[in-house]
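Q: quick one: sequence and predicted model below, then my questions.
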Amino acid sequence: MTTAKTAGSGRRPGERGDLLDPSCPTRQLLDRIGTKWTSMAVKVLAEEAPDELRFAELRRRIPGISQKMLSVTLQSLVRDGLVDRRVEPTVPPAVHYRLTELGLSLERPLSALRVWAETHMPKINRNNQLADEPPPD
């Protein structure tokens, strides 16, 4: 059930919000977990589960991600309880990450979305090519 109530407006526990409302917590969560970097980080961490990966190894396994973007992505995942972070008191500190049970539960839907994208990418590319062609005279 989707309601038209705004976030925090007397909702009962467990009542779903309005995804179209920018202040809806579900919408805000989807904004965070719907990024390509989150999908890639969860995939790489899931491949290692239940083991941990160090920050530098995560960065090596996610082509194109900057140190800052990986850091921001991991901070968000840790804050949401999807990833555990462990720091070894060494110089420099060794920081390790692993998916929590909640994070592992996110891998399946993200994997389904990746499979859908891979399956339909040729058709989408073709549609884009057609849309980019100049109109016939």
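A: Structure's in. What do you need?
Q: may I see the buried residues of the lowest-mean-pLDDT helix or strand in the chain?
A: The weakest-scoring helix or strand in the chain, judged by mean pLDDT, DSSP states H and E, is helix 25-33 (a mean of 88). By 16 or more other C-beta atoms under 10 Å, the buried positions in helix 25-33 come out as Ile33. All C-beta spots, glycine's among them, are computed from the backbone N, C-alpha and C.
Q: okay, that helix in PDB with CA atoms only?
A: Included here for helix 25-33 are C-alpha records, laid out as PDB according to Å, rounded to 0.1, in the frame of the first residue of the first chain:
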ATOM      1  CA  PRO A  25      12.700   7.600   3.500                       C
ATOM      2  CA  THR A  26      12.300   4.700   1.000                       C
ATOM      3  CA  ARG A  27      13.000   7.100  -1.900                       C
ATOM      4  CA  GLN A  28      16.000   8.400  -0.100                       C
ATOM      5  CA  LEU A  29      17.300   4.800   0.500                       C
ATOM      6  CA  LEU A  30      16.700   4.000  -3.200                       C
ATOM      7  CA  ASP A  31      18.700   7.100  -4.200                       C
ATOM      8  CA  ARG A  32      21.600   5.700  -2.100                       C
ATOM      9  CA  ILE A  33      21.500   2.000  -3.100                       C
END
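Q: need the next SSE after that helix, C-terminal direction.
A: Heading C-terminal from helix 25-33, the first helix or strand you meet, by DSSP states H and E, is helix 36-48.
Q: that following helix: what's the following helix or strand?
A: Where DSSP H and E defines the elements, the next helix or strand beyond helix 36-48 is strand 53-54.
Q: list the contacts of that following strand.
A: When contacts are taken as C-beta atoms under 8 Å, 6 or more residues apart in numbering, the neighbours of strand 53-54 outside the stretch itself are 44-45, 61, 94-98.
Q: what's the helix or strand just after it in contact with?
A: Where DSSP H and E defines the elements, the next helix or strand beyond strand 53-54 is helix 55-61. With contacts defined as C-beta under 8 Å, 6+ apart, helix 55-61 is touched by 41, 44-45, 53, 65, 67, 70-71, 74, 95, 97.
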